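Student: attaching a predicted model along with its sequence, questions to come.
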Amino acid sequence: MAQFDRMTVLQTLLEDALVPLYFHDEVSIATRITQALAAGGAHVIEFTNRGDFAADVFGELVRDVSRTHPDVMLGAGTVDDAATAALFIARGANFIVGPTFRDDIARLCNRRKIPYLPGCMTLNEIALAEESGVEIVKLFPGSVGGPDFVKAVRGPRPWTRIMPTGGVSSDEANLKAWFGAGVAAVGMGSNLVKDDWVKAGDFSRITDETRRALETIRAIRVR
């Protein structure tokens, strides 16, 4: 069961404006990655469903984080059907992220008062998601639409909250482009949790990069 209510998760996500995301199939490594992200100041972290027994690894992460970083909110990503969403919710997911919009997931998350961030790539998909109660849509793949797409959507629809994933890095120019276009937050995966750092066991690099990304975002948003 989720440890945080829907409004708390959404508000924290909008305040941080950064959702790190990653997958690793070993509990010990996944735990160290999550702890490194939390040490860098991340409060909303997405663990992606991209391998066998991902839900089991996620359940162990939730147990660990609830002890070591009780203010960190873990959610599940790459969720493409309601059955999988239910599996992760049963293991403590505080939010669900998907590559596409699914009405069955939206209904499930609404019943459980859990935020659902579906992947959308057209205005019709965004509108359908919002009609189904979605507060923040995930622009995916973000590298295809880019900041220009965000700006074009928010012109006639300033109420739409968009979080791009894919094509986002901690580089200041990249973040300026996205937030200048009007995104509510960004999702950052391999550009934040780098494979080389994980393989080398250099988790402090992840902490430093997370802290730097958050500081850059804060500076951009107050200008």
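Tutor: Arrived safely, thanks for sending.
Student: C-alpha only now, for contacts and for neighbours.
Tutor: OK.
Student: at which residues are the helices of the protein located?
Tutor: Applying DSSP state H to the chain gives helices spanning 6-16, 27-39, 54-68, 82-90, 103-112, 123-131, 142-154, 172-181, 195-200, 203-221.
Student: how about the second one: buried residues?
Tutor: Within helix 27-39, the residues that count as buried by 16 or more other CA atoms under 10 Å are 27, 29, 30, 31, 32, 33, 34, 35, 36, 37, 38, 39.
Student: nearest residue to the fourth one in space, ignoring adjacent ones along the chain?
Tutor: This means residue 31. Once flanking residues are discounted, residue 31 sits nearest to residue 61: 6.0 Å by CA to CA, 6 or more residues apart in numbering.
Student: likewise for the last one?
Tutor: With CA to CA, 6+ apart as the criterion, residue 39 has its nearest non-adjacent residue at 5.9 Å, and that residue is residue 207.
Student: I figured that neighbour hits residue 40, correct?
Tutor: Yes: using CA atoms under 8 Å, residue 207 is in contact with residue 40, at 4.3 Å.
Student: which one's more surrounded, these two?
Tutor: residue 207 (23 against 20; other CA atoms under 10 Å).
Student: list the contacts of that one.
Tutor: The neighbourhood of residue 207, defined by CA atoms under 8 Å, 6 or more residues apart in numbering, consists of 36, 37, 38, 39, 40.
Student: report the two of these separated the most.
Tutor: The two members of the contacts of residue 207 with the most space between them (CA to CA) are 36 and 40, at 6.3 Å.
Student: between those two, what contacts are shared?
Tutor: In the contact map built from CA under 8 Å, 6+ apart, the residues linked to both residue 36 and residue 40 are 206, 207.
Student: pLDDT weak spots in the chain?
Tutor: The chain contains residues with pLDDT under 70 at 223.
Student: what residues are up against the residue nearest to residue 31?
Tutor: 27, 30, 31, 34.
Student: against residue 177, how distant is it?
Tutor: To residue 177, residue 61 is 33 Å away according to CA to CA, to the nearest Å.
Student: residue 121 too?
Tutor: From residue 121 to residue 177 the distance is 18 Å (CA to CA).
Student: over to residue 77?
Tutor: Going from residue 77 to residue 177 by CA to CA gives 25 Å.
Student: count the neighbours of the closest residue to residue 91 other than its chain neighbours for me.
Tutor: Using CA to CA, 6+ apart and skipping the chain neighbours, the partner closest in space to residue 91 is residue 59 (5.0 Å). When neighbours are counted by other CA under 10 Å, residue 59 registers 18.
Student: so residue 59 makes contact with residue 92?
Tutor: Yes: here residue 59 lies in contact with residue 92, judged by CA under 8 Å, at a distance of 6.9 Å.
Student: so who does residue 86 touch?
Tutor: Per CA under 8 Å, 6+ apart, neighbours of residue 86: residue 108.
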